[in-house]
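Participant: I need the structure of the sequence given here:
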Amino acid sequence: MITVYTDGSSRGNPGPGGYGIVLKSGAHRKEVSQGFNYTTNNRMELMSVIVALEMLKNANSEVVVYSDSKYVVDSIEQKWVFGWQKKGFKGKKNPDLWKRFLQIHPKHKVKFKWIKGHNENPENERCDELAVAAATGGNLLIDEGYENVGGGLL
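Facilitator: Model (predicted):
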């Protein structure tokens, strides 16, 4: 069983942003973060989930993802994203990231759980710290899917 905590941050929306991830499996723990020059909070929330799932080495891993993003959790758990996919993501934001999510999602057995943000959950708080530090730090990448295609719409 792999437990994943994720969070995204944007300093301005849009503005500089980042994501933070904490992966836990048994006694193993890994923290990951990355910042972007110009993006949105929702993109960073979704990017954190995608990157975490892409990092998993073994196919069919059992994973529980904890996120404080209703946008991400509800889109997946309510199965909205699968309807968007059938309609070619017409009029939906962040289709590049949702398509990337849909490539990695079936490779694992993933459950999503929403947790209230800034509610003293140590792992969620750590993800927030990582995301904010990444957004305000150096080495910011370009969010190609946002900056180069007009605000995340393809």
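Participant: Show me what the lowest-mean-pLDDT helix or strand in the chain is packed against.
Facilitator: Least confident helix or strand, the chain: helix 144-147 with a mean of 90, by mean pLDDT, DSSP states H and E. Applying 3 or more CB pairs under 8 Å, 6 or more residues apart in numbering; DSSP states H and E, we find helix 144-147 packed against strand 28-39. Yep, even glycine has a C-beta here, placed from its N, CA and C like the rest.
Participant: got the buried residues for the helix or strand following the strand it packs on?
Facilitator: Next helix or strand after strand 28-39 toward the C-terminus (DSSP states H and E): helix 41-55. In terms of neighbour count (16 or more other CB atoms under 10 Å), helix 41-55 has its buried residues at 41-53.
Participant: Which pLDDT value belongs to the residue of the chain positioned farthest from its centre?
Facilitator: The outermost residue of the chain, judged against the average C-alpha position, is residue 27 (23.5 Å), by CA atoms, centre = their mean. Predicted confidence (pLDDT) for residue 27: 95.
Participant: from memory residue 108 sits against residue 63, does it?
Facilitator: Yes - if you go by CB atoms under 8 Å, residue 108 and residue 63 touch, sitting 5.2 Å apart.
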